[in-house]
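Asks: Take a look and give me a structure for this.
(one chain, ligands or ions: 1)
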Amino acid sequence: METLVLNSTYEPLCRISWQRAITLLFNGKVEVVDEYEDKTIRSVTFELKMPSVVRFLRLLKRRKPVIRFSRENVYARDSGKCQYCSRAVSRSEATYDHVLPRRLGGKTSWDNIVIACVPCNQKKGGRTPDQARMKLKVLPSRPAKLPDTIRLTFTWDKGMPPSWKNWLRDMTYWHGALDED
Ligand SMILES: [Zn+2]
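Replies: Here you go, the predicted structure:
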């Protein structure tokens, strides 16, 4: 199970394991905002509900983001849109396409991975965009920065705990257009 972390002003910051959340709680760094009703943590010395949302008591300064090569960040770089047909795809629908297929020596890297919708991914198959006669909207590259990374990361999505919805609701609304066809 994971715990959603808010900063002191209730903005979503990140998701962490519940074990890490307990450590932060015991160190007096965070307070519990919401808990998993049906999950209790028991030890010899304490018993408490597993926190689903915690909040930092002191305002954290945001570090300069290091843009990690991850599915989430590729999704953010590509603005949640299939790079072949521009259709908006949800995180769970998005496929990660090797522009130059792996069997032709294509690497799994910022400049060779784009998100694609399932139909485009299937249509392209193991071919290059040229061979498949499919044109990329933009040549992929390592992004200098990611617009709205946090917001994209923290849009409530299926599979996330329902209690997170209260804190991610605005972001979902903000990015509602992503779900339009
Ligand atoms: Zn597509």
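Asks: wait, isn't E93 in contact with C117?
Replies: Yes: using CB atoms under 8 Å, E93 makes contact with C117 at a distance of 6.8 Å. (Glycine included, C-beta is placed from N, CA and C.)
Asks: With neighbour numbers in mind, choose between the two.
Replies: Higher neighbour count among E93 and C117: C117, with 22 against 14, using other CB atoms under 10 Å.
Asks: distance of that one from R58?
Replies: 43 Å (CB to CB, to the nearest Å).
Asks: Please identify the helix or strand for the closest residue to A94 other than its chain neighbours.
Replies: The shortest distance from A94 to any non-neighbouring residue, by CB to CB, 6 or more residues apart in numbering, is to I115 (4.5 Å). Using DSSP states H and E, I115 falls within strand 113-116.
Asks: what's the spacing between that strand and its chain's center?
Replies: Strand 113-116 sits 15 Å away from the centroid of its parent chain (CA atoms, centre = their mean, to the nearest Å).
Asks: which other residues reach the helix or strand just after it?
Replies: Next in sequence after strand 113-116, counting helices and strands by DSSP H and E, comes helix 118-124. Applying CB atoms under 8 Å, 6 or more residues apart in numbering, the contact partners of helix 118-124 are C82, Y84, C85, R87, E93, T95, D97, A116, A132, M134.
Asks: What pLDDT is listed against the fifth one?
Replies: Read it as E93. In this prediction, E93 carries a pLDDT score of 87.
Asks: Over to L48?
Replies: pLDDT, L48: 91.
Asks: how about the nearest residue to it, chain neighbours excluded?
Replies: Nearest non-adjacent residue to L48 (CB to CB, 6+ apart): I41, at 5.7 Å.
Asks: How about V54?
Replies: V30 (4.1 Å).
Asks: ok, now which ones touch V74?
Replies: V74 touches Y96, W110, I113, V114, I115, counting by CB under 8 Å, 6+ apart.
Asks: In this protein, where is pLDDT below threshold?
Replies: 61-66, 147-154, 169-181 (pLDDT under 70).
Asks: Around the ion, which positions in it sit nearby?
Replies: C82, Y84, C85, R87, C117, C120 (CB under 5 Å from the ion).
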